[in-house]
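Student: structure here, sequence nowhere to be found:
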């Protein structure tokens, strides 16, 4: 799978661990930064990672920051992105099974790196359930076409 990574300084160490983990599992990783723990602005790195998924250059995106909230907000600004902030295994599973999330956001200040790795593995291997969730996602996609 082709996976985009993006983070700010707070998630930098997690990004590096997750990147290594993904490569060891045979995934193709595109790292959109940041490339150091130096203070930076998360939209500069999260938006390009989400855009890569929306454009079909990557299959999914994993974004990180301190809480994961700002990163989720930015990723979801990209049409076609369904980014879920997750802090446990069940949320990671449900984000795929029910929401067909194509991006996950992880807060490095809210979960251990071990939990982050578990969530990533679950999120990457959980299929979308389809069924009753298809119509809901169609409605979400329709909202992407709306404007103020």
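Tutor: Arrived safely. Just so it is clear, the model here is predicted, and its values are computed rather than measured.
Student: mind listing the strands in the protein by residue range?
Tutor: Taking DSSP state E, the strands of the chain run over residues 2-7, 28-31, 60-65, 83-86, 103-107.
Student: tell me which helix or strand in the chain has the weakest average pLDDT.
Tutor: In the chain, the helix or strand scored least confidently by mean pLDDT, DSSP states H and E is helix 132-144, which has a mean of 93.
Student: which other helices and strands contact it?
Tutor: On a contact count with 3 or more C-beta pairs under 8 Å, 6 or more residues apart in numbering; DSSP states H and E, helix 132-144 meets no helix or strand. In short, each C-beta sits where N, CA and C put it, glycine included.
Student: rebuild the strands of the chain as a markdown table, extending it with mean pLDDT.
Tutor: Below are those laid out as a markdown table (pLDDT from 0 to 100):
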| stretch | mean pLDDT |
| --- | --- |
| strand 2-7 | 98 |
| strand 28-31 | 98 |
| strand 60-65 | 98 |
| strand 83-86 | 98 |
| strand 103-107 | 98 |
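Student: reformat the ones you listed as CSV; add distance to residue 14.
Tutor: Formatted as CSV, the entries for the strands of the chain read as follows, by distance: least, C-beta to C-beta, whole Å:
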stretch, distance to residue 14
strand 2-7, 7
strand 28-31, 13
strand 60-65, 5
strand 83-86, 13
strand 103-107, 7
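Student: and those strands as CSV, adding mean neighbour count and distance to residue 19?
Tutor: Below are the strands of the chain laid out as CSV (neighbours: other C-beta atoms under 10 Å; distance: least, C-beta to C-beta, whole Å):
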stretch, mean neighbour count, distance to residue 19
strand 2-7, 26, 6
strand 28-31, 16, 5
strand 60-65, 28, 9
strand 83-86, 26, 18
strand 103-107, 28, 13
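Student: and these: which comes nearest residue 76?
Tutor: Closest approach to residue 76 among the strands of the chain is made by strand 83-86 (5.1 Å; C-beta to C-beta).
Student: show residues contacting the closest one.
Tutor: 50, 61, 63, 67-69, 71-72, 75-76, 91-92, 95, 99, 101-107, 119, 123 (C-beta atoms under 8 Å, 6 or more residues apart in numbering).
Student: repeat the analysis, applying 7 Å as the threshold.
Tutor: Applying C-beta atoms under 7 Å, 6 or more residues apart in numbering, the external contacts of strand 83-86 come out as 50, 63, 68-69, 72, 75-76, 91-92, 95, 99, 101, 103-106, 119.
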